[in-house]
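Chemist: This is the structure alone, sequence omitted:
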């Protein structure tokens, strides 16, 4: 896979099943029949710290944004940012991860998207300010 985009997501779902990384993996594999979680990375509170968790390997197509899965890395923040702001520690960690992914794959800033910018969805939520995020990158 030739990576040229990064797409940001949050885990909120209408069915309420996606509440942590292991449940997202179960939902995607056992219930949807996918080979793995649809995202390449997740960021979740584990104990008292946020951690970057592996989903699909970077050389594998994602399953997170139709029309972009063969060229985009999917990064999912575990949380509901339709209802809450992104916690500062999680926000700083996603900035660090996305900066590193941009460097590793020579991805330009205009190719960092929120899921809602590419599909009919609210993801990654109204409290995830994509313009501010890109400025912070």
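Modeler: Received the coordinates, thanks. Source: prediction; values computed, not measured.

Chemist: tell me how far the ends of stretch 28-41 are from each other?
Modeler: Start-to-end span of stretch 28-41 (C-alpha to C-alpha, to the nearest Å) is 14 Å.

Chemist: Tell me the spacing between the nearest residue to residue 42 once chain neighbours are set aside and residue 87.
Modeler: Residue nearest to residue 42 in three dimensions, not counting chain neighbours: residue 53, with 4.3 Å by C-beta to C-beta, 6 or more residues apart in numbering. The C-beta positions use only the backbone N, C-alpha and C, and glycine is treated the same way. Note on residue 53: its distance to residue 87, by C-beta to C-beta, to the nearest Å, is 16 Å.

Chemist: Those two: which has the busier surroundings?
Modeler: residue 53 (19 against 14; other C-beta atoms under 10 Å).

Chemist: Now do the buried residues in the lowest-mean-pLDDT helix or strand in the chain.
Modeler: The weakest-scoring helix or strand in the chain, judged by mean pLDDT, DSSP states H and E, is helix 21-26 (a mean of 86). Under the neighbour-count criterion of 16 or more other C-beta atoms under 10 Å, helix 21-26 has 21, 24, 25 buried.
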